[in-house]
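Novice: Sequence and predicted structure below; questions after.
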Amino acid sequence: MKSIWSKFGLLIVVALAARLLSLPLYPLMDTTEARYGNMARIMAETGNWLTPMFDYGIPFWGKPPLHTWASAVGIELFGLSEFAVRVPHFIAGLLVLGLVMLLARQLKLNPLMTGLVLATTLVFSLAAGAVMTDMLLTLGMTLAMVGFYIGWQQQPHSRSWSYAAFVGLAIGLLAKGPVVIVLFGLAIVPWLLWQVGPINGFKQLWLRHPIVSGLSLMLVIVAPWYIMAELATPGFLEYFLLGEHFFRFVDAGWAGDLYGKAHDQPRGMIWLFFAGAAMPWTPVLLWFGIRALKQGQRRFSQAQAFLLCWMLAPLVLFTFAGNILPAYVLPGIPALALLVTAGVQEQDLRWLGKLSMVTPLLLLIAIIVVAASVGKDRSDKLLLANVEVQTPVYYIDKSTFSGRFYSDGRALKIERDELVQQATNAMPYAVVVNAKRGVPQPLQRYCEFVDENDKRALYHCDNKAPQQ
């Protein structure tokens, strides 16, 4: 038995090492990773650590700054690269993993089994190292849930874990905003009603957790940034609190989005997202549940009920939302890992280890595919590798986030007529255009085709040296 647990520990290391080594191997692709990576680049370049910038001079009101801070710190430490902007999110994933393994120990579950399930869940593996907001939100949510449960069990002896729960909520508020409060409430309130009762539940909540001082601690952490952000760019709070937390989800065609188009998924799609994102463990959890029923286990323990409410909270919240992404299920995935572990029986151990390697193998295949083809078409990294440093870069009609990131901010959007007029006496410059349209006719004799991907083509232009 000891050799099996050692093997599980080794498999965790393999899964994490595979993800860590993959971080620099593929480019930032449009739009999500390239957009957030470019915002971090601007933050590190300008030194404006208060307001994330969508572009130079354009504030980004869509999310709080924690994810931008994290990637910008990575740039300060490692220089401008894919690894630098991704590795802080990988570290956040490690912290989530550590918290979940700690809770597993508290619940008398095997921490290594729990860690292996979580590290090899598809959405967790991808998000641990992706330049997005979701892993940092999950870190805040996980700390809040772990702190709440351990704090609940330890009262009245210690309140340190209860305060940790409020710190977790503060992290979530700085990562993605008040949605972490909603997710936390959707997990905790049903559990209290189910397991403790409507009156005694809230009475015990008041007695076991320092609600007033905990909320004060949370506000001390988050309020300064929210206030300073509103003062720096008035209008931020109205857009962020109403637009991003209400209209964005209830109105799939919301026209107020300043930073792109809203997604329009069918209602209830979040459940299918969960089934796919939690692979390969979704069918395992289902099978363990059916097996438990067949073996006569008709009741949930208090801990199992807590984990079930936690796992389902994101699914309940987004069931009637159309503007959703698969990563929205991530805050509930740590609970899934604990539930799977709770259902493991001795005869399952050998095949579970083999199943856990599915995700690292898929990750390896995905990296090869992206590096070989997809990455070239969804990122302008390879195009701009042909442009010398200091050479001006113009994007006709539409620029890309990856273009701005990989040109170190030199990529400028420009209209066709404007480029013709502006470039008359310009130094040699690079032009990125729609691959089907090419450069404007008046400039064709000055421009030479260099490279192209599926959507865009790169030309080098020198108005003083007509091309033959």
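Specialist: Perfect, I can see it now.
Novice: Check the gap between residue 430 and residue 232 for me.
Specialist: Per C-beta to C-beta, to the nearest Å, residue 430 is found 34 Å from residue 232. C-beta: built from backbone N, CA, C; applies to glycine.
Novice: same check, this time on residue 134
Specialist: For residue 134, the distance to residue 232 - C-beta to C-beta - is 26 Å.
Novice: and what of residue 317?
Specialist: Here the criterion is C-beta to C-beta. By it, residue 317 lies 30 Å from residue 232.
Novice: more neighbours, those two?
Specialist: When neighbours are counted by other C-beta atoms under 10 Å, residue 317 and residue 232 differ, and residue 317 comes out ahead with 21 against 12.
Novice: Quick check: mean pLDDT of the host helix or strand of the more buried one?
Specialist: Using DSSP states H and E, residue 317 sits in helix 302-318. The average pLDDT for helix 302-318 rounds to 96.
Novice: Tell me what angle the helix or strand just after that helix forms with helix 302-318.
Specialist: Using DSSP H and E, the helix or strand that follows helix 302-318 in sequence is helix 333-343. Relative orientation of helix 333-343 and helix 302-318, computed by axes from the mean of the first three to the mean of the last three C-alpha atoms, to 10 degrees: 140 degrees.
Novice: buried stuff in helix 333-343?
Specialist: Neighbour-count burial for helix 333-343 flags 333, 334, 335, 336, 337, 338, 339, 340, 341, 342, 343 (criterion: 16 or more other C-beta atoms under 10 Å).
Novice: So which residues make contact with that helix?
Specialist: For helix 333-343, the external contacting residues (C-beta atoms under 8 Å, 6 or more residues apart in numbering) are 96, 99-100, 103-104, 107, 109-110, 113-115, 117-118, 121, 123-124, 138, 142, 145, 277-278, 281, 284-285, 288-289, 291-292, 303-304, 307-308, 310-311.
Novice: what do you get for stretch 444-454?
Specialist: With C-beta under 8 Å, 6+ apart as the test, stretch 444-454 has contacts from 376-377, 380, 382-383, 386, 430-431, 435, 438-439, 457-463, 465-467.
Novice: try stretch 109-118
Specialist: Residues from elsewhere that reach stretch 109-118, judged by C-beta under 8 Å, 6+ apart: 5, 8-9, 11-12, 15, 96-97, 100-102, 104-105, 124, 281, 333-334, 336-338, 340-342, 344, 352-353, 356.
Novice: Just the C-alphas of that stretch, formatted as PDB.
Specialist: C-alpha atoms of stretch 109-118 as PDB (Å, rounded to 0.1, in the frame of the first residue of the first chain):
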ATOM      1  CA  LEU A 109      -9.100  11.600   3.400                       C
ATOM      2  CA  ASN A 110      -5.900  10.700   1.600                       C
ATOM      3  CA  PRO A 111      -4.100  14.000   0.700                       C
ATOM      4  CA  LEU A 112      -2.100  12.400  -2.100                       C
ATOM      5  CA  MET A 113      -5.100  10.900  -3.800                       C
ATOM      6  CA  THR A 114      -6.900  14.300  -3.500                       C
ATOM      7  CA  GLY A 115      -3.900  16.100  -4.900                       C
ATOM      8  CA  LEU A 116      -3.600  13.700  -7.800                       C
ATOM      9  CA  VAL A 117      -7.300  14.100  -8.800                       C
ATOM     10  CA  LEU A 118      -7.100  17.900  -8.600                       C
END
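Novice: Angles on the backbone of residue 415, please.
Specialist: Dihedral angles phi and psi of residue 415 (degrees, to the nearest 10) take the values phi -80, psi 160.
Novice: Would you point out the helix or strand in this protein whose mean pLDDT is lowest?
Specialist: The helix or strand of the chain with the poorest confidence is helix 248-250; it has a mean of 65 (mean pLDDT, DSSP states H and E).
Novice: what mean pLDDT would you report for the helix or strand just after it?
Specialist: For helix 248-250, the succeeding helix or strand toward the C-terminus, using DSSP H and E, is helix 269-277. For helix 269-277, the mean pLDDT works out to 94.
Novice: let's number from 55 now, not from 1
Specialist: Done: numbering now begins at 55, and the last item shifts to helix 323-331.
Novice: and the angle for helix 323-331 with helix 356-372?
Specialist: Calculated by the same axes, to 10 degrees, helix 323-331 forms an angle of 120 degrees with helix 356-372.
Novice: For the protein, just list every one of the strands.
Specialist: Taking DSSP state E, the strands of the chain run over residues 107-109, 112-113, 447-450, 465-468, 483-488, 501-506, 510-515.
Novice: Would you mind giving the ones you listed as a markdown table with distance to residue 73 and mean neighbour count added?
Specialist: Formatted as a markdown table, the strands of the chain follow (distance: least, C-beta to C-beta, whole Å; neighbours: other C-beta atoms under 10 Å):
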| stretch | distance to residue 73 | mean neighbour count |
| --- | --- | --- |
| strand 107-109 | 29 | 18 |
| strand 112-113 | 32 | 16 |
| strand 447-450 | 32 | 23 |
| strand 465-468 | 30 | 19 |
| strand 483-488 | 32 | 22 |
| strand 501-506 | 30 | 16 |
| strand 510-515 | 30 | 22 |
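Novice: Residue 86: which of those strands is closest?
Specialist: Among the strands of the chain, strand 107-109 comes nearest to residue 86, with 13.3 Å by C-beta to C-beta.
Novice: Quick one: neighbours of residue 298, just the number.
Specialist: Residues near residue 298, counting by other C-beta under 10 Å: 22.
Novice: And the top helix by length along the chain, what does it pack against?
Specialist: What stands out as the longest helix in the chain, according to DSSP state H, is helix 136-160. Other elements packing on helix 136-160 under the criterion 3 or more C-beta pairs under 8 Å, 6 or more residues apart in numbering; DSSP states H and E are helix 56-76, helix 86-100, helix 120-132, helix 165-173, helix 176-181, helix 188-208, helix 387-397.
Novice: surely residue 213 meets residue 205?
Specialist: Yes: Residue 213 is within contact range of residue 205, at 6.7 Å (criterion: C-beta atoms under 8 Å).
Novice: overlap in contacts of those two?
Specialist: In terms of C-beta under 8 Å, 6+ apart, residue 213 and residue 205 are both contacted by the residues residue 263.
Novice: what about the stretch 255-404 of the chain, any weak spots by pLDDT?
Specialist: Applying pLDDT under 70 to the stretch 255-404 of the chain flags residues 302-312, 314-317.
Novice: can you do 50?
Specialist: Within the stretch 255-404 of the chain, no range satisfies pLDDT under 50.
Novice: quick one on the thing from earlier: in the helix holding residue 371, what's buried?
Specialist: For helix 356-372, a neighbour-count test (16+ other C-beta under 10 Å) marks 357-358, 360-372 as buried.
Novice: Same question for stretch 436-452.
Specialist: The neighbour-count check on stretch 436-452 (16+ other C-beta under 10 Å) flags 437, 438, 441, 445, 446, 447, 448, 449, 450 as buried.
Novice: can you redo these as JSON lines with distance to residue 318?
Specialist: What follows is the buried residues of stretch 436-452, written out as JSON lines (distance: C-beta to C-beta, whole Å):
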{"residue": "437", "distance to residue 318": "31"}
{"residue": "438", "distance to residue 318": "32"}
{"residue": "441", "distance to residue 318": "37"}
{"residue": "445", "distance to residue 318": "40"}
{"residue": "446", "distance to residue 318": "38"}
{"residue": "447", "distance to residue 318": "33"}
{"residue": "448", "distance to residue 318": "33"}
{"residue": "449", "distance to residue 318": "27"}
{"residue": "450", "distance to residue 318": "29"}
